[in-house]
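K.L.:
would you be able to build a 3D model of this:
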Amino acid sequence: MGRAVRVGTPILLLGVLGVVGWYASYVTTILAWELRKLVPWLLALVLVALLAGVPVLVRSLSRRLRRGETRPVGSGGGVVVLGWLGAAVGLALGAFWLVYGEYLQDRAYVATMRVVSDPVPELTARAPYVVGEAQAGPNLGDVTGEITDVSYLPDSDRFAVLVERRGWLAGYEVGMVQEVPLGGNSRAQQRCRFDASAATARIDGWFNHNLGRKISAERRWARFSADDAYVYCQGDTPIVVVPLKRQTGILVVTERPAGVVLYNGGTGKVTITDDTTEVPGPSYPISLAAQQREGTAAVGGFADWWFERSGWDASEDGANEGNESEFTLRYREGGGRSAYVTPLTPQGEASSVVAVSTVPTRHSGGNLAPLTVYRLNPTWSSPQAIIALIKAEYRDVCCWNDDRVFEVVPTGGSTWTATLGSEQNIRYRVEGRGQINGREATCLKNADGALVRCAYAAPGSPEEQELQRREQQKQQQTANGGTDPRDLTTYTDEQLADLNRRVSDEVNRRLKER
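P.N.:
Predicted coordinates:
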């Protein structure tokens, strides 16, 4: 009886621990993910231990084979030296494997990459992300919670705001979808409230109020990044969308998409689906798109990767501070397609934009989405240089008081677009082509796209034709008596902007003559 108890108790305890571990899906999922990330480190430690222990093992075997002799074969000092030598070799091999494993990881992420020389597809401009983020708070009204996420929904051209309820054991309070137009004064918005009694979970919640725990209960071994989640309003019901990821590989561990989670803010129900066609927003994790873009450093060999001689980096010269990569933009051709778009610079000290990468925001299946790198010819100046040009050529409208230049983003072909204004009011946009030191068009437009003037309009361009039409119209007005210079109310916005510019130029000229 006693023997049965001694043997059965450990087995029973292991069984109980196994059942607890199986039901604790959230904890076991996290442990599994973190342990798989540690496999390369564990392999390095095994190499060190194995090569350091071989001499000791050989000496021990020699002693057993020659037990009849009083003196063992080999000296203890030699074994110690061999042990240390093996440990050094193992340490070197382990360190090399850790570095080479990162290279293989980057290679796995760019397996779907395609480098082309085609023009960048036409993309539509949108309000800068930092503007959408800044306008979220003032439009929430009497909401008392804290903003936890602001995302752009390209399908509806809206910014989505997710607000969490105050308290440790509370979920989200409200979701808001608002319009932040580039032009006009429309501020259409829709708010949908979470049910405080039924939907009590959030991503970073405690205990049973943790959304990750509910997700793991439905799909074990899948995880997510909090920055990938967003909300939209389905009528009066908020729906939180969480794109999922899974791990693949053993020695080289990478991530892949694994469907999306739909968390109903009215009922608290969690639904996981692989069919994302009905989700009105990105279904491909933006964090995974960033990993693919960062993996472009491994387009060459290992030596090129190690010495940073190949691949591209996101432009990080400070011009797009707050949002430097993975711009979510819609294609101009329509069809509801959109992509994560990033201007790329070569590795090293160069700051010119030499390529543009795109990853679709929607992708079906469990494999990586295609990554396309469009090489630019000619290359573009850096975003910081573009901003300096804007401040020099359009100094009458930029940058006074709180106005500044926001995102400089590619908008297709050979064009880029920069937005000007304050966080609460986008006033202008500047559109340019290619290098800033070339004779290409850089034109100032109102936020809604109406042409104001150009620093230089390329011959035959639509901007040049519009300016010629205006000049002819001005000449006709002059022939008919013109506009009364004393009555400014009769001036159009373009005429006022032109008058302001000429006055500013004249004042600067007179100040220089003194």
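K.L.:
please make it C-alpha for all contacts and neighbour counts, starting now.
P.N.:
OK.
K.L.:
show me the strands in the stretch 101-250 of the chain, by range?
P.N.:
With strands called from DSSP state E, counting those that start in this stretch, the stretch 101-250 of the chain shows them at 113-116, 146-153, 158-164, 172-178, 189-193, 230-234, 237-248.
K.L.:
ok, which of those comes nearest S338?
P.N.:
Closest to S338 of the strands of the stretch 101-250 of the chain, according to CA to CA: strand 146-153, at 9.7 Å.
K.L.:
quick one: the closest one to strand 172-178, angle?
P.N.:
Going by axes from the mean of the first three to the mean of the last three CA atoms, to 10 degrees, strand 146-153 is angled at 40 degrees with respect to strand 172-178.
K.L.:
strand 146-153 pairs with which strands, parallel or anti?
P.N.:
strand 158-164 (antiparallel) (DSSP bridges).
K.L.:
from the middle of its chain, how far away would the partner strand be?
P.N.:
17 Å (CA atoms, centre = their mean, to the nearest Å).
K.L.:
what angle sits between that strand and strand 189-193?
P.N.:
Counting by the same axes, to 10 degrees, strand 158-164 lies at 30 degrees to strand 189-193.
K.L.:
can you list the buried residues in strand 158-164?
P.N.:
Using 16 or more other CA atoms under 10 Å as the burial criterion, the residues of strand 158-164 that qualify are 158-164.
K.L.:
one more: stretch 321-340?
P.N.:
Judged by neighbour count using 16+ other CA under 10 Å, the buried positions of stretch 321-340 are 324-332, 338-340.
K.L.:
and if you look at stretch 140-147?
P.N.:
Neighbour-count burial for stretch 140-147, with 16+ other CA under 10 Å as criterion, is recorded at 140, 145, 147.
K.L.:
which of those scores worst on pLDDT?
P.N.:
Within the buried residues of stretch 140-147, pLDDT reaches its minimum at L140, with 82.
K.L.:
and V507, how many neighbours does it have?
P.N.:
As a burial measure, V507 scores 11 neighbours (other CA atoms under 10 Å).
K.L.:
for the stretch 351-500 of the chain, give me the ranges with low pLDDT.
P.N.:
Residues of the stretch 351-500 of the chain meeting the criterion pLDDT under 70: 434-441, 456-465, 467-468, 470-491, 494.
K.L.:
name the nearest of the buried residues of stretch 140-147 relative to D493.
P.N.:
Closest to D493, out of all of the buried residues of stretch 140-147 and judged by CA to CA, is L140, at 32.2 Å.
K.L.:
measure the closest one to N367 for me?
P.N.:
From L140 over to N367 the distance is 38 Å, taken as CA to CA, to the nearest Å.
K.L.:
same thing with R330?
P.N.:
23 Å.
K.L.:
for T342, same thing?
P.N.:
Separation of T342 from N367 (CA to CA): 21 Å.
K.L.:
do the same with T417
P.N.:
Going from T417 to N367 by CA to CA gives 33 Å.
K.L.:
do Y129 as well
P.N.:
Separation of Y129 from N367 (CA to CA): 28 Å.
K.L.:
so which of those two has more stuff around it?
P.N.:
Per other CA under 10 Å, whichever of Y129 and N367 has more neighbours is Y129, with 20 against 12.
K.L.:
what sits against that one?
P.N.:
Counting by CA atoms under 8 Å, 6 or more residues apart in numbering, Y129 touches 152, 323.
K.L.:
let's go with 7 Å and repeat that
P.N.:
Neighbouring residues of Y129 by CA atoms under 7 Å, 6 or more residues apart in numbering: N323.
K.L.:
mind checking pLDDT for it?
P.N.:
Value listed for Y129 in the pLDDT field: 86.
K.L.:
can you show me the strands along the stretch 301-450 of the chain?
P.N.:
According to DSSP E, counting those that start in this stretch, the stretch 301-450 of the chain carries its strands in the segments 312-314, 327-330, 338-346, 353-360, 371-380, 404-410, 415-422, 425-433, 442-446.
K.L.:
of all those, which lies closest to P257?
P.N.:
Ranking the strands of the stretch 301-450 of the chain by their distance to P257 (criterion: CA to CA) puts strand 353-360 first, at 12.7 Å.
K.L.:
so which elements touch that closest one?
P.N.:
Where contact means 3 or more CA pairs under 7 Å, 6 or more residues apart in numbering; DSSP states H and E, strand 353-360 is packed against strand 338-346, strand 371-380.
K.L.:
gap between that strand and the chain center?
P.N.:
Strand 353-360 sits 13 Å away from the centroid of its parent chain (CA atoms, centre = their mean).
K.L.:
from the centroid of this structure, which residue is nearest?
P.N.:
In the chain, the residue lying closest to the centroid (CA atoms, centre = their mean) is E326, at 4.2 Å.
K.L.:
for the stretch 201-350 of the chain, give me the ranges with low pLDDT.
P.N.:
Residue ranges of the stretch 201-350 of the chain with pLDDT under 70: 318, 334.
K.L.:
helices of that one, start to end?
P.N.:
211-218, 286-294, 302-306 (DSSP state H, counting those that start in this stretch).
K.L.:
out of the ones you listed, which gets nearest to K269?
P.N.:
helix 211-218 (9.2 Å).
K.L.:
angle of that closest one against strand 237-248?
P.N.:
70 degrees.
K.L.:
can you give me the buried ones in helix 211-218?
P.N.:
The neighbour-count check on helix 211-218 (16+ other CA under 10 Å) flags 211-217 as buried.
K.L.:
could I get the strands of the stretch 101-250 of the chain as a markdown table with distance to P285?
P.N.:
What follows is the strands of the stretch 101-250 of the chain, written out as a markdown table (distance: least, CA to CA, whole Å):
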| stretch | distance to P285 |
| --- | --- |
| strand 113-116 | 17 |
| strand 146-153 | 12 |
| strand 158-164 | 16 |
| strand 172-178 | 20 |
| strand 189-193 | 24 |
| strand 230-234 | 11 |
| strand 237-248 | 6 |
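K.L.:
right, and the ones you listed - which one's nearest F96?
P.N.:
When the strands of the stretch 101-250 of the chain are compared by CA to CA, strand 237-248 sits nearest F96, at 22.0 Å.
K.L.:
ok now that closest one, how far from the chain's centre?
P.N.:
Strand 237-248 sits 16 Å away from the centroid of its parent chain (CA atoms, centre = their mean).
K.L.:
need the residues that contact that strand.
P.N.:
Residues from elsewhere that reach strand 237-248 (CA under 7 Å, 6+ apart): 175, 192-194, 221-224, 228-233, 253-266, 283-285.
K.L.:
before we move on, what about stretch 148-162?
P.N.:
With contact meaning CA under 7 Å, 6+ apart, stretch 148-162 is reached by 132-133, 136, 147, 163-164, 174-180, 230-232, 280-281, 328-330, 336, 338.
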